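Enquirer: quick one: sequence plus predicted model below, questions after.
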Amino acid sequence: MVTRLKKPIAFLALAAALAWMSYAAAQKQAAQTSAAAPSRIILTIAGDPARSYAVTWRTSALAQNPQAQIAPLSPDPAFEKSAQKVSAKGEVVTPADAPAAAHYSVRFDNLKPATKYCYRVGDGSSWSEWNVFQTAAARPERFRFLYLGDAQNNIRSLCSRTFRTAFAAAPDARFIIHAGDLVADGYKDALWGEWCDAMGFISAMVPSLPVPGNHDLHPAPGSKDDNPVRAPDPWRWHFTLPENGPESLRGQSYYIDYQGARFIALDANIFGGKGDAGAGKKIVAEQLQWLEKILRDNPNRWTIVFQHQPPYPIARNRKADRIQSVVVPLFDKYNVDLVLAGHDHAYGRTHKLKGGKPVAAGQNGTIYAVSVSGPKMYDLTPDKTIMAKVLDNSQIYQIITIDGDRLSYGAYTIDGAQFDQFELRKTGSR
């Protein structure tokens, strides 16, 4: 009896060993696949929005052959055979609060205007899903975009509501303006992970146009930099942006021209105390010179600036003396139409202003808006002589449409209720 059981026992032992080897191999393959799986995919406009876009992404381990594939959008699923390969740049990075990981960047250049493309990123074997975006037209045409204020806190759990509701309300938005303080501490990798989780697939389909806020500039403890307002490395890891800004603020201040409108990302952090002396004082002068040049040499009909700190604060104990004294005069001089900001963790929108005072209908002036997409809220003390609308304790998003001589603006709380709206119309050549 005992002798007869030896073969079944041996067989079972062999089967168990083979099963374990198969399981171990499967686990190893799963781990390798997971390490190579792209995440945190973010689409940006890298230059001319009719022809040049960029994508960043992340994996756990550095890929040997990082790349993207891109093709004009086609309903034929066999389009993959004609997709063009584009090599990507990768690097191993070590965040201050997380293990080492790999980040990548790829540029798509020489695209056709007004064309839908699909792309994916990976290493040739592990791929992301295919994502779709559309290039800008080469001439003025109707379009709309989203404007979001500070996300900053409870990003995955609460700010995700705003991101996703805004996208659902305007799925054809050509890009999203993020007016600073995307996270609470710019050096913390975990918070950027939250931001990407909250955006979900939206960040891979709709280009992000971010400008840094003061929280995005928070450095890792003990780090030093001669530039007092250089963004920590995670900003560069996650966003490939136009490098047409002042030298000291490349990838933080920049501009694009989109279908008849100039959009200027202005890193306004330097106009606080960090711009009082030394390197900061030089950066202030450099940025003001750059700003005046791109406002003066602007062939577009519309001009929109987005920055973090608002020129006309609405939160208690907030001031913007330097912005009002050195930046606003340039907005007035060159007839900036709209300035979009965050920082005050509430919603506010001015009347049309010139020199800090309301102007009559039909006169040139600038409208200033402040918004918040996240859950952190502040007490308000708005100047009622210049504010047209104010709202506290509400997560809110904005949809803005430009159509020839008309700009339409709507602000919506995340339950879908419209809180504010206005329209601007152009007459004459500008």
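Expert: Everything's here; your move.

Enquirer: against residue 104, how distant is residue 131?
Expert: Distance from residue 131 to residue 104, counting by CB to CB, to the nearest Å: 15 Å. The C-beta positions use only the backbone N, C-alpha and C, and glycine is treated the same way.

Enquirer: and those two? Which one has more around it.
Expert: residue 104 (26 against 19; other CB atoms under 10 Å).

Enquirer: quick one: the more buried one is in a strand?
Expert: Yes: checked against DSSP: H, G, I helix; E, B strand; the rest coil, residue 104 lies within a strand.

Enquirer: that one and residue 65 touch, don't they?
Expert: No: using CB atoms under 8 Å as the test, residue 104 is too far from residue 65 to be in contact (11.0 Å).

Enquirer: where do the helices sit along the chain?
Expert: Using DSSP state H, the helices of the chain run over residues 2-36, 160-169, 189-199, 202-205, 233-238, 278-296, 321-322, 328-333.

Enquirer: please compute how far the fifth one lies from its chain's middle.
Expert: Right, helix 233-238. Relative to its parent chain, helix 233-238 has a centroid offset of 12 Å by CA atoms, centre = their mean, to the nearest Å.

Enquirer: now swap in the fourth one and tell me
Expert: Relative to its chain's centre, helix 202-205 lies at 10 Å (CA atoms, centre = their mean).

Enquirer: packing partners of that helix?
Expert: strand 39-45, strand 131-134, helix 160-169 (3 or more CB pairs under 8 Å, 6 or more residues apart in numbering; DSSP states H and E).

Enquirer: most neighbours per residue, which of those?
Expert: Comparing the helices and strands packed on helix 202-205 by mean neighbour count (mean count of other CB atoms under 10 Å), strand 39-45 comes out on top with a mean of 22.

Enquirer: in its sheet, which strands sit next to it, and in what direction?
Expert: If you go by DSSP bridges, strand 39-45 pairs up with strand 53-59 (antiparallel).

Enquirer: how about residues contacting the strand it pairs with?
Expert: Residues from elsewhere that reach strand 53-59 (CB atoms under 8 Å, 6 or more residues apart in numbering): 35-46, 68, 101-108, 111, 119, 121, 123, 126, 128, 133, 135, 204, 207, 237-241.

Enquirer: got the CA positions of that strand in PDB?
Expert: Output of strand 53-59 as PDB, limited to C-alpha atoms (Å, rounded to 0.1, in the frame of the first residue of the first chain):
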ATOM      1  CA  TYR A  53       2.600  69.000 -29.000                       C
ATOM      2  CA  ALA A  54       4.400  67.100 -26.300                       C
ATOM      3  CA  VAL A  55       3.700  64.300 -23.900                       C
ATOM      4  CA  THR A  56       5.300  63.300 -20.600                       C
ATOM      5  CA  TRP A  57       4.800  60.000 -18.700                       C
ATOM      6  CA  ARG A  58       6.300  57.800 -16.000                       C
ATOM      7  CA  THR A  59       7.200  54.200 -15.400                       C
END
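
Enquirer: wait, residue 195 touches residue 182, no?
Expert: Yes: contact criterion CB under 8 Å: residue 195 and residue 182 qualify, at 5.6 Å.

Enquirer: do you know how far residue 207 is from residue 52?
Expert: 11 Å.

Enquirer: need the residues touching each of these two.
Expert: residue 45.

Enquirer: the two: which has the busier surroundings?
Expert: For the pair residue 207 and residue 52, the greater number of neighbours falls to residue 207 (24 against 18), based on other CB under 10 Å.

Enquirer: that one against residue 178, yeah?
Expert: No: in this structure, residue 207 is not within contact of residue 178 by CB under 8 Å, at 10.9 Å.

Enquirer: any idea which of the helices and strands packed on helix 202-205 gets closest to residue 147?
Expert: Closest to residue 147 of those, according to CB to CB: helix 160-169, at 9.1 Å.

Enquirer: send the alpha carbons of the closest one over as CSV?
Expert: Taking C-alpha atoms only, helix 160-169 is exported to CSV below (Å, rounded to 0.1, in the frame of the first residue of the first chain):
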residue,chain,number,x,y,z
SER,A,160,-11.3,65.3,-9.1
ARG,A,161,-15.0,66.3,-9.0
THR,A,162,-14.2,69.6,-10.6
PHE,A,163,-11.8,68.3,-13.2
ARG,A,164,-14.3,65.6,-14.4
THR,A,165,-17.4,67.8,-14.2
ALA,A,166,-15.7,70.5,-16.2
PHE,A,167,-14.6,68.0,-18.9
ALA,A,168,-18.1,66.6,-19.1
ALA,A,169,-19.5,70.1,-19.6
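
Enquirer: that's all I had, so thanks and see you.
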